[in-house]
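K.L.:
Got a predicted model here, sequence first, then my questions.
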Amino acid sequence: MKYLPSPRQLLIFCCSVVFALYVLAPVAWLVSSSFQSEAEITSVPPHWVPEQPTLENFSAIFTSGETEMTYETRKEGDTATGGFIPSTASNLLPSMKNSFIVACAVVVLNLLIGVPAAYALAKIRFIGRSSSIYFMLTTRVIPDIALVVPFFLFIQKLGLMDTLSSLVITYLAITVPFTVFILLGYFESLPDELDKAARVDGCSRLQTLWLVYLPLALPSLVAVILFTFLTSWNEFLLALMFTQTTASQTMPIVVASFTSDFNISFSFINAAGVMAIIPPVIVAILFERYIVSGLTAGAVKG
């Protein structure tokens, strides 16, 4: 007898397909259009599959720094026929390097600060512990836009304007509370007997954290690493406020500048977008097996 899905299962399947198309269609168009010419990408109706795939857009990204960009050289390219390169095209690869440096620095410092803090709040009883947890959580209720002015004054007083350090400091203020929140729930779900047994065996607090809790908290650590990396890689508002020159600008700022030139090449912008999503996708693929378990870790005790 053939198995017939129930109406509920059919509804769930159809909704899942619609949601998948809604999420994946923009990404598919981004990748497809990055291999199209400017004439093809602006054609009506649009071509989801390139008729004449080209690598000129990606080639322009890697060779844009070899030619001095002036008005005379830029006007030779026309967005309708191809060949137009934005004036800030040569800044894309350096900005990706800046984004990678900032993201990696934030991930490392985030773990160095957040992991001991979460362990202390979960396993050490001290006066003001509950108040510290509630205060930490309230910091995530405040929208980032409301923190721009205090952050700006703070960075200005430190003399760190237009540096990568300014981004690292402000991104830590955003990501550390989330790290502590995720790891706090996971550490609290682990039996206190583990901590007591390690202490009886002569381990210090640091050794207990390193030898006992960190190996068990690997899924949560991976979730924290992924969240922190993606937040730092994609952040736009603070990077726009604190960086003015190409020496410190990150990838979102440079990609956004492509739309403010005297002419716009959609194919070049889409190729830059593909370059921008490659690192996060690689990180997500490497840690995919830990993502779901890490985000739900500590949700249920016992």
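P.N.:
Thanks, I have the structure now.

K.L.:
In stretch 189-201, which residues are buried?
P.N.:
Buried residues in stretch 189-201, counted by 16 or more other Cβ atoms under 10 Å: Ser189, Leu190, Asp195, Ala198. C-betas here are computed from N, CA, C, even on glycine.

K.L.:
tell me the contacts of the second one?
P.N.:
Going back to what we said before, that points to Leu190. Residues counted as contacts of Leu190 (Cβ atoms under 8 Å, 6 or more residues apart in numbering) are Tyr213, Leu216.

K.L.:
quick one, phi psi at it?
P.N.:
Here is the backbone geometry of Leu190 (degrees, to the nearest 10): phi -80, psi 140.

K.L.:
ok so, going back, including distance to Ala122, could the buried residues of stretch 189-201 go into TSV?
P.N.:
As requested, the buried residues of stretch 189-201 are exported to TSV (distance: Cβ to Cβ, whole Å):
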residue	distance to Ala122
Ser189	9
Leu190	8
Asp195	9
Ala198	14
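
K.L.:
Which elements pack onto the helix or strand encompassing Trp29?
P.N.:
Assigned by DSSP states H and E, Trp29 belongs to helix 7-34. Here helix 7-34 touches helix 266-286, going by 3 or more Cβ pairs under 8 Å, 6 or more residues apart in numbering; DSSP states H and E.

K.L.:
Kindly report the domain assignment for this structure.
P.N.:
Domain assignment for the chain by automatic domain parsing gives 7-75, 91-296.

K.L.:
Can you say which of the ones you listed is packed in most?
P.N.:
Stretch with highest mean neighbour count among these: domain 91-296 (a mean of 17; mean count of other Cβ atoms under 10 Å).

K.L.:
Now find how far off-centre that domain is within its chain.
P.N.:
A distance of 9 Å separates the centroid of the chain from that of domain 91-296, by Cα atoms, centre = their mean, to the nearest Å.

K.L.:
and Asp248, helix, strand or coil?
P.N.:
For residue 248 the amino acid is Ser, not Asp. Three-state assignment for Ser248 (DSSP: H, G, I helix; E, B strand; the rest coil): coil.

K.L.:
And for Gln244?
P.N.:
Per three-state DSSP, the local secondary structure of Gln244 is coil.

K.L.:
Check the gap between it and Phe178 for me.
P.N.:
Gln244 is 29 Å from Phe178, where distance means Cβ to Cβ, to the nearest Å.

K.L.:
rewinding a little: please flag which of the buried residues of stretch 189-201 sit within helices.
P.N.:
Counting by DSSP state H, the buried residues of stretch 189-201 place Ser189, Asp195, Ala198 in helices.

K.L.:
In this structure, what helix or strand scores lowest on average pLDDT?
P.N.:
Ranked by mean pLDDT, DSSP states H and E, the weakest helix or strand in the chain is helix 71-75, scoring a mean of 45.

K.L.:
Okay, angle between the helix or strand following that one and helix 266-286 too, please.
P.N.:
Using DSSP H and E, the helix or strand that follows helix 71-75 towards the C-terminus is helix 92-123. Relative orientation of helix 92-123 versus helix 266-286 (axes from the mean of the first three to the mean of the last three Cα atoms, to 10 degrees): 30 degrees.
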